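J.: Any chance you could fold what I've pasted below:
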Amino acid sequence: MNQSIRIAPSILAADFSKLGEEVAAVAEMGADLIHLDVMDGHFVPNISFGPDIIASIRKYTDLPFDVHLMIEPVDNYIEAFVAAGSDIITVHAEAGPHIHSTLQKIRALGIKAGVALNPGTPMEALDNLWDLVDLVLVMTVNPGFGGQSFIESQLCKVSALRRKISQLGHSVSLSVDGGINRETANKSVQAGADILVAGSAVFQLKGVTYSEAIEQLRNP
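T.: Here you go, the predicted structure:
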C-alpha cells in the first residue's frame with residue numbers, strides 16, 4: 001500500500017443533498033484530505049459554494065480541508081474561509097494583483113498556503129514565492145467544472161516541479177487536480193505528484209465502494 005500518496009476527494013462530485021454524510025463517508029473510507037473547489041462564476045465559468053457551506057460540513061470530519069479558491073479578487077475572502085475551517089488555502093497566481101502578499105496573509109492566519117497553476121500557467125510563476133508555498137496544485141484540466149479529460153502535457157510540469165521541490169530541500173506538497181482516474185493517477189504519481197484530487201473517480205463509480213475507489217487511486 002502506497003501510504004506516501006494522499007487522496008483528496010473533491011466534494012464537487014458528491015451528492016450535495018447529503019454533503020456532510022458524503023464527507024464523513026470518504027473520511028471513514030480512507031481519504032487523507034477533503035478537497036473543496038470554490039468557484040465564483042467570474043474567475044472560472046461556474047459557481048459552486050462559499051464559506052458557509054464549508055463551515056456547515058466542518059463538523060463531519062477532522063481531516064484537513066484543502067480549499068481551492070477559484071475566485072477573483074481573492075484577498076477579501078481569505079479570512080472568511082479560514083474562519084470556516086480551512087486548513088490549506090490554494091489560490092491562483094492570476095487571482096489577485098500581488099500573489100506574494102496573498103500568500104503572506106494566508107500564512108499569517110495560521111494555515112498552509114498553496115498556489116494553483118493552470119495548464120497555461122508556467123511554473124516560473126512560483127519564482128520568488130517558494131518560501132511562502134506549502135503546496136503546489138497543478139491543474140490537469142482548465143479550471144471551472146468537473147468531468148474534463150486529463151491534459152497529458154501537464155505531466156512534464158509535474159516532473160519539473162518535483163525536481164525543483166527536491167532541490168529546495170524543504171517540504172512542499174505537489175498536488176494534481178483534473179481528470180484523475182486509475183490510469184492518470186499512475187501517470188501523475190510517476191511524474192512526482194504526492195496528492196491526487198479526484199471527484200468522479202471517488203464519488204461516482206458504479207459498483208465500487210468509496211474505500212475501493214480510494215485504494216485504486218492510491219495503488220493504481
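J.: beta partners of residue 115?
T.: Per DSSP bridges, the residues bridged to residue 115 are residue 91, residue 136.
J.: give the contact list for it.
T.: Residues in contact with residue 115 (Cβ atoms under 8 Å, 6 or more residues apart in numbering) are 90-93, 99, 103, 125-126, 129, 133, 135-137. Bear in mind the C-beta positions are built from the backbone N, C-alpha and C, glycine included.
J.: if we go to 10 Å?
T.: 90-93, 95, 99, 102-103, 121, 123, 125-126, 129-130, 132-137, 172 (Cβ atoms under 10 Å, 6 or more residues apart in numbering).
J.: Equivalent analysis for residue 136, please.
T.: Counting by Cβ under 10 Å, 6+ apart, residue 136 makes contact with 90, 114-117, 123, 125-126, 129-130, 157-158, 161-162, 164-165, 172-176, 193, 195.
J.: Show me how to select, in PyMOL, the buried members of those.
T.: Buried members of the contacts of residue 136, identified by 16 or more other Cβ atoms under 10 Å, are gathered into one PyMOL selection as follows:
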select buried, resi 90+114+115+116+117+123+125+126+129+157+158+161+162+164+165+172+173+174+175+176+193+195
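J.: Could you list which of the contacts of residue 136 belong to strands?
T.: Assigned to strands by DSSP state E, the following of the contacts of residue 136 qualify: 90, 114-117, 173-176, 195.
J.: gap between residue 35 and residue 122?
T.: Using Cβ to Cβ, to the nearest Å, we find residue 35 at a distance of 24 Å from residue 122.
J.: Between those two, which is the more surrounded one?
T.: The neighbour comparison of residue 35 against residue 122 (other Cβ atoms under 10 Å) goes to residue 35, with 28 against 12.
J.: and the helix or strand that contains the more buried one, average pLDDT?
T.: In this assignment (DSSP states H and E), residue 35 forms part of strand 34-39. For strand 34-39, mean pLDDT is 97.
J.: Just list what that strand packs against, helices and strands only.
T.: If you count contacts as 3 or more Cβ pairs under 10 Å, 6 or more residues apart in numbering; DSSP states H and E, strand 34-39 packs onto strand 6-9, helix 19-28, helix 51-57, strand 65-70, strand 88-92, strand 173-177, strand 195-198.
J.: at 8 Å what do you get?
T.: Contact here means 3 or more Cβ pairs under 8 Å, 6 or more residues apart in numbering; DSSP states H and E; on that basis strand 34-39 packs against strand 6-9, helix 19-28, strand 65-70.
J.: Check the closest residue to residue 73 other than its chain neighbours and give its pLDDT.
T.: The shortest distance from residue 73 to any non-neighbouring residue, by Cβ to Cβ, 6 or more residues apart in numbering, is to residue 96 (5.3 Å). Residue 96 carries a pLDDT value of 85.
J.: Residue 96 contacts residue 76, correct?
T.: No. Shown here, residue 96 and residue 76 do not form a contact pair, counting by Cβ atoms under 8 Å, at 9.4 Å.
J.: the more surrounded of the two?
T.: Comparing residue 96 with residue 76 by neighbour count (other Cβ under 10 Å), the higher total belongs to residue 96, at 19 against 9.
J.: ok, now how distant is that one from residue 104?
T.: Relative to residue 104, residue 96 is positioned 12 Å away (Cβ to Cβ).
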